[in-house]
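1. sequence plus the predicted model coming up.
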Amino acid sequence: MATRYGNYIGGEWRDAASSRSFDNRNPADTQDLVGTFADSGPEDVERAVAAAREAFPRWQALPAPRRGEILYRAAETLVRRKDELARDMTREMGKVLDETRGDVQEAIDMTYYMAGEGRRQFGQTTPSEMPDKFQMSVRQPVGVAGLITPWNFPMAIPSWKMMPALILGNTVVVKPATDTPLSVVNLVKVLEEAGLPKGVVNMVTGSGSQVGSPLMSHRDVGIVSFTGSTDVGRRVSLACAPAFKHCHLEMGGKNIIMVMDDARLDLAVEGALWGGFGTTGQRCTAASRVAVHEKVYREFTDRFAAGAKALRVGNGLEPKTQVGPCVNASQLETVESYVKIGKQEGARLLAGGSRLGSASHARGYFHEPTIFGDCSPKMRVAHEEIFGPVVSVIPVRSLEEAIEVGNSVDYGLSASIYTQDIGKAFTAMREMYTGIFYVNAPTIGAETHLPFGGTKNTGNGHREACVQALEVFSEWKSIYIDFSGKLQRAQID
Ligand code: NAD
C-alpha cells in the first residue's frame, strides 16, 4: 500500500477538504507508486493562508537569532538524513543519486546560510543633516509568503524561498510541483522536528490551477515567490499587479556555452556534456546551446557526439546511471516534438534523437541524449527552451559572433566561455547580458552565497540566494530619532 500524504496546515497533517488525492509515480518506472498526495483546492489554500496569518505576529516577534537556531537545527537534520532524502527525490523526480544528494546539499547550504542571517540582517546608520538626530534603517517582514515551486530542484528551490522568508519573520504557504511533493513533505517534516511553531510553515499540494492560482491571488498573501516557466510566471505577475503584491519570478533559460578556438577542448567537451545532459537537461541553467568557433568545430562536435553516445541512461537509483528519465510523459513528448522540429528545420542530428524503449527503459520516460549540429540561431531548437536532453550546436566565426548569438534569445540566465585568453573571457563576461556567467566551466553550478537569477524573460529584477534573497522577503523601514527637544525641519532649518 502506498503511503498517503496530507497537507500541512497549522501544524497538522490533514487530507484535502475534498478528500481527493493524486498519485506520484517514479518516472524511471511508472509501476512504482511513490505515494498519494492531497489533491487540494481553494478551500485548503484558504485554511493554510489563515493559519500562516495567525502565526505571523508571534513568529515576527521571536528574535531573529532564535529563529536562526531553529533553522540551524533543521540544517543539522538535513545533513544526517541526506542520503535517505536523496533516494526519495530520485524516486519521485528521476535525476541520479549524485545529483539528488547535491539538491539536498543546496538545501543544507541555504539553511545554514539563512540561519546565520538571524544574527546579521544589517541595516544602515547614517549621519543626519541636523544636530541631535539619529537615523537608521531596519528590515521588516512582509507577512505571509506564497511560494510556488517547480519539480527540477524539488528540495533546493523550496528551501531557497522558505529559509530567507522565515529568517526575516515571514510565515509561509508553499505549493510544491505535482511531480515532486514528497521532497517538500520531507523538508517540512525536518522543520517541524526542529521546533518550528505551528502555522509558520504550511504546505498545500495540488495543481497549479486549483492551488497555485488561489494562493497567488489571495488578499492576505503579501509576497509571491515563483520559480517555473515563463508563461506561468507572466500569469503570476499579472495576478500580483492589482494589489501591488511583491512578486519574485525565476523563469526559463536558453543558456549558452561559447567554445573559442584556443579553448582546451577536453574541458569544453566535458563541460558541454555535464551542462547539456546533467539532470537530463532539465535545469533552468542547462547548456542547451553551444556556439563553437569554426576552427575547432569539427573536432569539438566529433568528441561531443561520441561523449553523448557513451552516456548511460537509466534509473537514477542505479549507481552506473549517468542520465535519468524525463520527469513525466508530457515532458518526454515535448522533447520528441522538438527533435522532430529540429529535423524539419534542417539541423544535423549528431547523436541520439529517439525515445528509449528497450526492456530496462520500457516503464520510464527515457530519451537519448541528443545533439543537433549546424544549427542557425534562428532555428526553434536553438532559441526556445526545450527542458530536456537536447543540445544545439551553432558554428561561429569569432567571439563577437558568439556573443551576438548568445544574447539573441529571449532569456538571460546563464552563459559560459571556454578560452585560454583572459581578454576574451573578460570581454564575454562584460558583454553577455545574463545573471550568471562562467569561465572555463559549464553554465550550471551555482552556489548559494552568490545571487541567483537572470535577465529578460528569465526574471523580474530580483535575485534568489545570498543576501539578495533578503530583499525579496523584506521591506526597509527608515527611522529618524530626534533628541534635540525642538522641531527641526528637514531641508529647511
Ligand atoms: P511550471 O511553470 O509548469 O510550474 C511551476 C509551478 O507553478 C508548479 O508548482 C505548478 O504547479 C505551478 N503552476 C502551474 N500553472 C499555474 C497557474 N496557472 N497558476 C499558479 N501556479 C501554477 O514549470 P515546471 O514545469 O514545474 O518547471 C520548469 C520550468 O521552470 C522551466 O521553464 C525552467 O526553466 C524553470 N525553472 C527556472 C528556474 C530559475 O531559477 N530560473 C529554476 C528551475 C526551473
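-> Yes, it's here.

2. put the alpha carbons of stretch 281-293 into CSV.
-> Extracted C-alpha coordinates of stretch 281-293, given in CSV (Å, rounded to 0.1, in the frame of the first residue of the first chain):
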residue,chain,number,x,y,z
GLY,A,281,18.9,18.7,-19.5
GLN,A,282,16.1,19.7,-17.1
ARG,A,283,17.9,22.6,-15.4
CYS,A,284,16.9,26.2,-15.9
THR,A,285,20.7,26.8,-16.4
ALA,A,286,21.2,23.8,-18.7
ALA,A,287,23.7,24.4,-21.6
SER,A,288,21.1,23.8,-24.3
ARG,A,289,23.2,25.8,-26.9
VAL,A,290,26.9,25.5,-27.7
ALA,A,291,28.5,28.1,-30.0
VAL,A,292,31.7,26.7,-31.4
HIS,A,293,34.5,28.5,-33.3
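
3. now it: how far from the chain's centre is it?
-> 16 Å (Cα atoms, centre = their mean, to the nearest Å).

4. strands along the stretch 101-250 of the chain, start to end?
-> Along the stretch 101-250 of the chain, counting by DSSP state E, counting those that start in this stretch, strands occupy 125-126, 133-141, 144-148, 171-175, 201-203, 221-227, 246-250.

5. and of those, who's closest to residue 60?
-> With Cβ to Cβ as the measure, strand 133-141 is the member of these nearest residue 60 (5.6 Å). Yep, even glycine has a C-beta here, placed from its N, CA and C like the rest.

6. describe which strands that closest one pairs with in its sheet and in which direction.
-> According to DSSP bridges, strand 133-141 forms sheet pairs with strand 125-126 (antiparallel), strand 474-482 (antiparallel).

7. and the last one, which residues are buried?
-> What it means is strand 474-482. residue 474 (16 or more other Cβ atoms under 10 Å).

8. can you list the low-confidence ranges for the stretch 301-450 of the chain?
-> Along the stretch 301-450 of the chain, no part satisfies pLDDT under 70.

9. tell me the contacts of the residue of the stretch 51-200 of the chain found nearest the ligand?
-> Relative to the ligand, the nearest point of the stretch 51-200 of the chain is residue 150 (3.2 Å; Cβ to the nearest ligand atom). Each residue near residue 150 by Cβ atoms under 8 Å, 6 or more residues apart in numbering is listed here: 157, 177, 227-229.

10. rerun that using 7 Å as the cut-off
-> Residues near residue 150 by Cβ atoms under 7 Å, 6 or more residues apart in numbering: 157, 177, 227-228.

11. one more: residue 49?
-> By Cβ under 7 Å, 6+ apart, the residues touching residue 49 are 144, 173, 218, 220-221.

12. now with 10 Å?
-> Counting by Cβ atoms under 10 Å, 6 or more residues apart in numbering, residue 49 touches 9, 144, 146, 171, 173, 202, 204, 214-215, 218-221.

13. all helices of the stretch 151-300 of the chain, in order?
-> Residue ranges of the helices in the stretch 151-300 of the chain, as given by DSSP state H, counting those that start in this stretch, are 156-167, 181-193, 213-217, 230-240, 265-277, 294-310.

14. can I get these in CSV with distance to the ligand?
-> Formatted as CSV, these follow (distance: least, Cβ to the nearest ligand atom, whole Å):
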stretch, distance to the ligand
helix 156-167, 6
helix 181-193, 9
helix 213-217, 4
helix 230-240, 3
helix 265-277, 14
helix 294-310, 21
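
15. just name the most buried of the ones you listed.
-> Most buried of those, by mean neighbour count (mean count of other Cβ atoms under 10 Å): helix 156-167, with a mean of 29.

16. re the thing from before, once you drop chain neighbours, what's closest to the residue of the stretch 51-200 of the chain closest to the ligand?
-> Residue nearest to residue 150 in three dimensions, not counting chain neighbours: residue 228, with 4.6 Å by Cβ to Cβ, 6 or more residues apart in numbering.

17. check what pLDDT residue 54 gets.
-> You'll see residue 54 listed with a pLDDT of 98.

18. make sure it is indeed in a strand.
-> No. Assigned with DSSP: H, G, I helix; E, B strand; the rest coil, residue 54 falls outside any strand and is helix.

19. and it, how far from residue 104?
-> 31 Å (Cβ to Cβ, to the nearest Å).

20. up against the ligand, what does this protein have?
-> By the rule Cβ under 6 Å from any ligand atom, the part of the chain lying against the ligand is 148-153, 175, 177-178, 207-209, 212-213, 216, 227-229, 232, 235, 250-253, 284, 385, 387, 413, 458.

21. filter those residues to the buried ones?
-> Buried, going by 16+ other Cβ under 10 Å: 148-153, 175, 177-178, 208, 212-213, 216, 227-228, 232, 235, 250-253, 284, 385, 387, 413, 458, out of the residues of the chain next to the ligand.

22. reformat the contacts of residue 49 as a markdown table; add pLDDT and distance to residue 42.
-> Below are the contacts of residue 49 laid out as a markdown table (pLDDT from 0 to 100; distance: Cβ to Cβ, whole Å):
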| residue | pLDDT | distance to residue 42 |
| --- | --- | --- |
| 9 | 98 | 14 |
| 144 | 98 | 16 |
| 146 | 98 | 13 |
| 171 | 99 | 19 |
| 173 | 99 | 12 |
| 202 | 99 | 14 |
| 204 | 99 | 10 |
| 214 | 98 | 4 |
| 215 | 98 | 9 |
| 218 | 98 | 9 |
| 219 | 97 | 13 |
| 220 | 98 | 13 |
| 221 | 98 | 13 |
